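Undergrad: what follows is a protein structure lacking sequence information:
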């Protein structure tokens with residue numbers, strides 16, 4: 001299996017007030033660029049063969065991951081960046097690709113192993129991680145996340161997906177919409193249609209119903225994978241997240 005790390009975002013938002021790095025992936029935590037924690041976790045994951053890093057050369061220059069195979073220049077948005085990475089695998093063999101954002105410095109190899117093991121239990125084109133609110137609050141009290149209330153429980157979206165490259169390359173427009181709205185659950189749910197939107201508002205929409213509706217709309221079989229590892233659901237996209245991640249990682253033993 002191969003992996004892609006998306007690290008092309010420029011540091012032009014609220015994080016710039018707390019860290020002056022040009023790119024978000026470069027922001028330092030305990031003396032290491034944020035993306036380095038993701039690279040280190042993938043290096044420890046036995047099933048990963050090759051890693052493509054989507055980032056500017058200056059971001060990738062300091063990375064020492066043994067499994068880094070290629071560095072790909074980022075595109076104008078996340079979907080185009082992902083397309084460029086997936087295109088680099090074409091003709092090189094391989095199957096499913098694990099995709100991670102570069103702003104999840106708390107990620108652990110145990111969390112990734114558990115996610116992939118659950119993915120093996122179902123057949124789908126795209127596996128999307130979901131983390132229960134309770135799992136996050138029990139482990140990391142006080143961290144701020146965006147949650148959605150479903151009939152199955154209250155979840156935040158994870159920052160790790162497993163995808164079939166050929167299937168994803170065929171549905172870039174819908175994927176672009178979904179990514180743009182990922183921080184806005186109400187708007188995202190509107191893409192499913194009015195019946196599903198109303199059920200969502202009432203808290204009666206289930207994960208399985210979303211999976212079925214997505215397959216109806218774009219002919220992709222999706223699977224929501226519930227992870228009890230909160231590290232998958234915590235990214236760094238605002239100053240309070242960065243402060244929180246630094247506090248946690250300063251207490252973690254060196255090399256983990």
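TA: Structure's in. What do you need? Values in this document were obtained by computation on a predicted structure and should not be read as measured data.

Undergrad: what's residue 48 sitting at in phi/psi?
TA: Dihedral pair for residue 48: phi -90, psi 130, per degrees, to the nearest 10.

Undergrad: again, but for the one 10 residues further on
TA: Listed backbone geometry of residue 58 is phi -70, psi -30, with angles given as degrees, to the nearest 10.

Undergrad: quick one, what contacts it?
TA: 22, 23, 26 (Cβ atoms under 8 Å, 6 or more residues apart in numbering). Bear in mind the C-beta positions are built from the backbone N, C-alpha and C, glycine included.

Undergrad: those in strands, which ones?
TA: Judged by DSSP state E, strands contain none of these.

Undergrad: got a ChimeraX select line for the buried ones in those?
TA: Only the buried entries of the contacts of residue 58 go into this ChimeraX selection, using 16 or more other Cβ atoms under 10 Å:
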select :23,26
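
Undergrad: using JSON lines, please lay out the contacts of residue 58 together with pLDDT.
TA: Shown next, in JSON lines, are these (pLDDT from 0 to 100):
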{"residue": "22", "pLDDT": "93"}
{"residue": "23", "pLDDT": "94"}
{"residue": "26", "pLDDT": "95"}
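
Undergrad: mind putting the contacts of residue 58 into JSON lines with distance to residue 77?
TA: Shown next, in JSON lines, are those (distance: Cβ to Cβ, whole Å):
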{"residue": "22", "distance to residue 77": "18"}
{"residue": "23", "distance to residue 77": "15"}
{"residue": "26", "distance to residue 77": "19"}
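
Undergrad: closest one of the contacts of residue 58 to residue 150?
TA: Taking Cβ to Cβ as the measure, residue 23 is the one of the contacts of residue 58 closest to residue 150, at 34.2 Å.

Undergrad: go ahead and confirm the closest one touches residue 6.
TA: No: Residue 23 is beyond contact range of residue 6, at 11.5 Å (criterion: Cβ atoms under 8 Å).

Undergrad: got the contact list for residue 99?
TA: Shown in contact with residue 99 (Cβ under 8 Å, 6+ apart): 3, 4, 6, 82, 160, 161, 162, 163.

Undergrad: which of those fall in helices?
TA: Counting by DSSP state H, the contacts of residue 99 place residue 82 in helices.

Undergrad: identify those among the contacts of residue 99 that sit within strands.
TA: 3, 4, 6, 160, 161, 162, 163.

Undergrad: what about this protein, which residue is the most distant from its middle?
TA: residue 195 (28.1 Å; Cα atoms, centre = their mean).

Undergrad: do you know the pLDDT at it?
TA: Per-residue confidence (pLDDT) for residue 195: 88.

Undergrad: same check, this time on the one 3 residues further on
TA: Confidence at residue 198, expressed as pLDDT, is 86.

Undergrad: my guess is residue 142 contacts residue 244. True?
TA: Yes: with contact defined as Cβ under 8 Å, residue 142 counts as touching residue 244 (7.5 Å).

Undergrad: the two: which is more packed in?
TA: The residue with more neighbours, out of residue 142 and residue 244, is residue 244; 18 against 7, by other Cβ atoms under 10 Å.

Undergrad: got the contact list for the spatially closest residue to the more buried one that is not a sequence neighbour?
TA: Excluding the flanking residues, the one nearest residue 244 by Cβ to Cβ, 6 or more residues apart in numbering is residue 143, at 5.5 Å. By Cβ under 8 Å, 6+ apart, the contact set of residue 143 is 136, 234, 241, 244.

Undergrad: all set now, cheers.
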